[in-house]
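[1] Generate coordinates for the sequence data below:
(one chain, ligands or ions: 1)
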Amino acid sequence: MSGAGAPVLTVDGRGLHVVVVAASWHTQVMDGLLDGARRALRESGATWSEVRVPGSFELPVAAARVAGLPDGAAGDPSARRPDAVVALGVVIRGGTPHFDYVCSAATTGLVDVSVSTGIPVGFGLLTCDDEAQALDRAGLPGSREDKGHEAVQAAVATAVALR
Ligand code: DLZ
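    Model prediction:
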């Protein structure tokens, strides 16, 4: 998919709370995605918290759990039901059909969470043929794109539009 045609979004997220759910495979790329997401959150003025899971396959269950939390769940005021969730992960194609199953499960699961809860889920899941493609989209020095930043902006802009 080409990155051309992306909108320029200026997002005012003040008063919103966002939960970032992030997988852990491919550390260098994930570090770039997380840095870009945090920068976009700071720019927007939203508050946020982060939840780490092992792989991208686990992103939907984490997103479902945080999106379904009532405010102040289990007496923890920081467990506020989010206005938006942002999912970050990197899946790199290997030699077996595993890639297709993980990408499909993560994508379908995240859409289900978003549509069933009404909470926007920013889609920061890179699905790449090789590591070079992923590094080029990770918002690192020399990357052409910054998908963590984009995913936050999209989720926060959608939360504002739905408010
Ligand atoms: C098993 C696996 C493989 C081979 N590759 C990736 C990957 O590129 N990116 C990723 O986020 N996760 C990968 N995983 C792990 C699965 O997402 C999942 O964590 C395991 O299958 C255990 O449920």
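
[2] Can you show me the strands along this protein?
    17-22, 47-52, 84-92, 121-128 (DSSP state E).

[3] Most tightly packed of these?
    strand 84-92 (a mean of 26; mean count of other Cβ atoms under 10 Å). Backbone N, C-alpha and C define where each C-beta goes, glycine included.

[4] hang on, the earlier thing: got the strands of the chain as JSON lines, with distance to residue 113 columns?
    Shown next, in JSON lines, are the strands of the chain (distance: least, Cβ to Cβ, whole Å):
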{"stretch": "strand 17-22", "distance to residue 113": "10"}
{"stretch": "strand 47-52", "distance to residue 113": "13"}
{"stretch": "strand 84-92", "distance to residue 113": "7"}
{"stretch": "strand 121-128", "distance to residue 113": "6"}
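
[5] Of the ones you listed, which is nearest the ligand?
    strand 84-92 (4.1 Å; Cβ to the nearest ligand atom).

[6] quick one: that closest one to chain centroid distance?
    A distance of 4 Å separates the centroid of the chain from that of strand 84-92, by Cα atoms, centre = their mean, to the nearest Å.

[7] Just want the angle from it to strand 121-128.
    Put simply, strand 84-92 runs at 10 degrees to strand 121-128, going by axes from the mean of the first three to the mean of the last three Cα atoms, to 10 degrees.
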